[in-house]
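Novice: just to be clear, the model below is a prediction. Sequence and coordinates:
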Amino acid sequence: MKPDAPPLHSARLLDQLRERIRYLHYSLSTEQVYVYWVRFFIRWSGRGGSMRHPRDIGAPGVEAFLTMLATERKVSASTHNQALSALLFLYRHALDVDLPWLNDVNRPTQKRRIPSMLTKDEVAGLLAHMDGPAALMARLLYGTGMRLMECMRLRIKDVDFDRHVIIVRDAKGGKDRVVMLPRSLAAPLRLQLLAARSQWEHDRQAQRGGVEVPHALDSKYPQVGYTWAWFWLFPSPTLSVDPRSGVERRHHLYEDRVQRALKKAVALAGIAKPVSVHTLRHSFATHLLQSGTDIRTVQELLGHSDVSTTMIYTHVLKVAAGGTSSPLDALLAQPP
């Protein structure tokens, strides 16, 4: 726990965990995941009928739980790391317990997967079978290299038509970056702004709650969530209750809206390879490198902290471009 962290007010452990997560401004999805794993850990540790507080569960108990996940549940490396991160947070931030041994728990190595990518013709065929806001977002993902949630969370103020750029704020790792605004999407984006403006004006007339904004900003400027600049570029058509504040407000579109539309388009386009929303980001990087864009520029556009992460696309291109010939071709090319 940070030295200046305020004392916890909740009595129940899971509520204390939520309290600390919210104090550190972790996302709602992270909160839900951490609560799930801590609850699972406590219940599994008390499976014999003797429920114990995590303070009383030592290194063997934590290691046994993590071993069970790997050997019995056979969870993936990313899921295993997720569970370990949740327990690290519980002990360090919620319980304020220093457990040096927890740092030495082995984390499974995540396998390096070759990213699935589409050809330019496949991208064109895929986009041709999409319409509405989902189609615009899919074009933005391929045209900018943004992650899905980065696109979902765009605000009106993040789109700069004059400079033809989009500001991606508080992205992975808490960093901001600038990506290009495809000129071919300027007109569709202006139409989307008009639709969002209509929704914003309707909410203001109905005196509905403002959109969610960063906690520090909301504390200093309580009315900022009601302003046009902070409204969502892709607002949800329905209202929802904020699970943290209890305020009924308008959220951005949910990611499954684009995921379902993309899955349907893949089938209609007859693409016989694994395709997810993230495949559009992979294809963006690959096609830029194919066109001669230097790898450092691609790294910055993708928001990779290490260029080695971006290098995976160059390895794929070397083989795909035919830089290395198969010995079978050389054998069959020999005269009889």
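Specialist: Yes, it's here.
Novice: alpha carbons only for contacts and neighbour counts from here, please
Specialist: OK.
Novice: what average pLDDT does stretch 16-23 get?
Specialist: The average pLDDT within stretch 16-23 is 92.
Novice: repeat for stretch 193-213
Specialist: 94.
Novice: swap in stretch 153-169?
Specialist: 96.
Novice: one more: stretch 63-80?
Specialist: 89.
Novice: show me which positions of that stretch end up buried.
Specialist: For stretch 63-80, a neighbour-count test (16 or more other Cα atoms under 10 Å) marks 63, 65-66, 69-70, 80 as buried.
Novice: from Ala186, how far off is the nearest residue to Arg197 once chain neighbours are set aside?
Specialist: Excluding the flanking residues, the one nearest Arg197 by Cα to Cα, 6 or more residues apart in numbering is Trp228, at 7.6 Å. Using Cα to Cα, to the nearest Å, one gets 19 Å for the distance from Trp228 to Ala186.
Novice: and if you look at Ala11?
Specialist: In terms of Cα to Cα, Ala11 sits 52 Å off from Ala186.
Novice: the more surrounded of the two?
Specialist: Each of Ala11 and Ala186 has its neighbours counted (other Cα atoms under 10 Å); Ala186 has more, 15 against 8.
Novice: may I have the lengthiest helix in the chain as PDB, with CA atoms only?
Specialist: Ranked by residue count, the top helix of the chain under DSSP state H comes out as helix 186-205. Extracted as PDB, the C-alpha positions of helix 186-205 are listed here (Å, rounded to 0.1, in the frame of the first residue of the first chain):
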ATOM      1  CA  ALA A 186     -13.200  12.600 -42.400                       C
ATOM      2  CA  ALA A 187     -16.700  12.900 -43.900                       C
ATOM      3  CA  PRO A 188     -18.100   9.700 -42.100                       C
ATOM      4  CA  LEU A 189     -16.600  11.000 -38.800                       C
ATOM      5  CA  ARG A 190     -18.300  14.400 -39.200                       C
ATOM      6  CA  LEU A 191     -21.600  12.600 -39.700                       C
ATOM      7  CA  GLN A 192     -20.900  10.600 -36.600                       C
ATOM      8  CA  LEU A 193     -20.300  13.800 -34.700                       C
ATOM      9  CA  LEU A 194     -23.600  15.100 -35.800                       C
ATOM     10  CA  ALA A 195     -25.300  12.000 -34.500                       C
ATOM     11  CA  ALA A 196     -23.400  12.200 -31.200                       C
ATOM     12  CA  ARG A 197     -24.300  15.900 -30.900                       C
ATOM     13  CA  SER A 198     -28.000  15.100 -31.300                       C
ATOM     14  CA  GLN A 199     -27.700  12.500 -28.500                       C
ATOM     15  CA  TRP A 200     -25.800  14.900 -26.300                       C
ATOM     16  CA  GLU A 201     -28.300  17.700 -26.700                       C
ATOM     17  CA  HIS A 202     -31.100  15.300 -25.900                       C
ATOM     18  CA  ASP A 203     -29.400  14.200 -22.700                       C
ATOM     19  CA  ARG A 204     -28.900  17.800 -21.700                       C
ATOM     20  CA  GLN A 205     -32.500  18.700 -22.300                       C
END
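Novice: helix or strand right after that helix?
Specialist: Using DSSP states H and E, the helix or strand that follows helix 186-205 in sequence is helix 215-220.
Novice: what's that following helix packed up against?
Specialist: With contacts taken as 3 or more Cα pairs under 8 Å, 6 or more residues apart in numbering; DSSP states H and E, helix 215-220 sits against no other helix or strand.
Novice: buried set for it?
Specialist: Across helix 215-220, burial judged by 16+ other Cα under 10 Å covers no residue at all.
Novice: what's in contact with it?
Specialist: Helix 215-220 has contacts (Cα atoms under 8 Å, 6 or more residues apart in numbering) with 25, 224-225.
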